[in-house]
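1. Quick check, what structure comes out for this input:
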Amino acid sequence: MPVIRIAAAVIVDGRGSILLVRKQGTSAWMQPGGKLEAGELPDAALARELFEELALVVDPATFDHWGRFTAAAANEAGHTVDCDIYALAIEQTPVASAEIAELRWVALDDTQLEIAPLALEQVFPRLRASVA
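-> Take a look at the predicted model:
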């Protein structure tokens with residue numbers, strides 16, 4: 001199964017909602033982030049992607065590395081994502097840019113949206129456990 005190497009952000013607001021994005025032409029909601037370029041470190045790739053996709057300026061030194069996780073790719077059938085996940089705080093307001101069609105703050109108990117497997121299987125359970 002082909003593997004897509006990515007980095008993704010876990011950004012939670014003061015109400016405990018997580019920032020998710022939906023890319024143009026897709027239906028699944030996922031954490032912001034994206035593919036690593038050749039020779040790029042995951043935290044640098046995430047900082048670049050957050051700037052390109054959400055106009056956020058962030059310092060990788062402030063990221064909290066949760067680890068490296070795998071899941072079925074949400075938008076590319078038959079592929080797996082291999083993802084470094086980082087939690088971080090933002091002070092700016094994200095703005096959907098580049099290939100991002102929409103962004104929204106999502107409650108952890110939202111069952112109405114199609115959530116990407118990585119978020120559903122790895123991120124949401126960890127966030128729920130941290131507030132329990």
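2. When you work out contacts or count neighbours from here on, use the C-alpha atoms and nothing else.
-> Noted.
3. ok, now which ones touch residue 80?
-> Contact analysis of residue 80 by C-alpha atoms under 8 Å, 6 or more residues apart in numbering lists 1-4, 70-73.
4. Export those as CSV, with columns for secondary structure.
-> Converted to CSV, the contacts of residue 80 look like this (DSSP: H, G, I helix; E, B strand; the rest coil):
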residue, secondary structure
1, coil
2, coil
3, strand
4, strand
70, strand
71, strand
72, strand
73, coil
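5. so residue 68, which of the three states?
-> strand.
6. For it, which residues are in contact?
-> 82-85.
7. can we see that at 10 Å?
-> Counting by C-alpha atoms under 10 Å, 6 or more residues apart in numbering, residue 68 touches 6-7, 42, 82-86.
8. how about the residues you listed, which pair is most distant?
-> Farthest-apart pair in the contacts of residue 68 is 82 and 86; separation 13.3 Å (C-alpha to C-alpha).
9. more crowded one of the two?
-> residue 86 (22 against 19; other C-alpha atoms under 10 Å).
10. wait, is the more buried one part of a helix?
-> No: assigned with three-state DSSP, residue 86 falls outside any helix and is strand.
11. contacting residues for it?
-> With C-alpha under 10 Å, 6+ apart, residue 86 has these contacts: 7-11, 33, 42-43, 46, 60, 62-68.
12. From the chain's centroid, how far away is the helix or strand bottoming out on mean pLDDT in the chain?
-> When the helices and strands of the chain are scored by mean pLDDT, DSSP states H and E, helix 124-131 comes last with a mean of 88. Relative to the centre of its chain, helix 124-131 is centred 15 Å away, using C-alpha atoms, centre = their mean, to the nearest Å.
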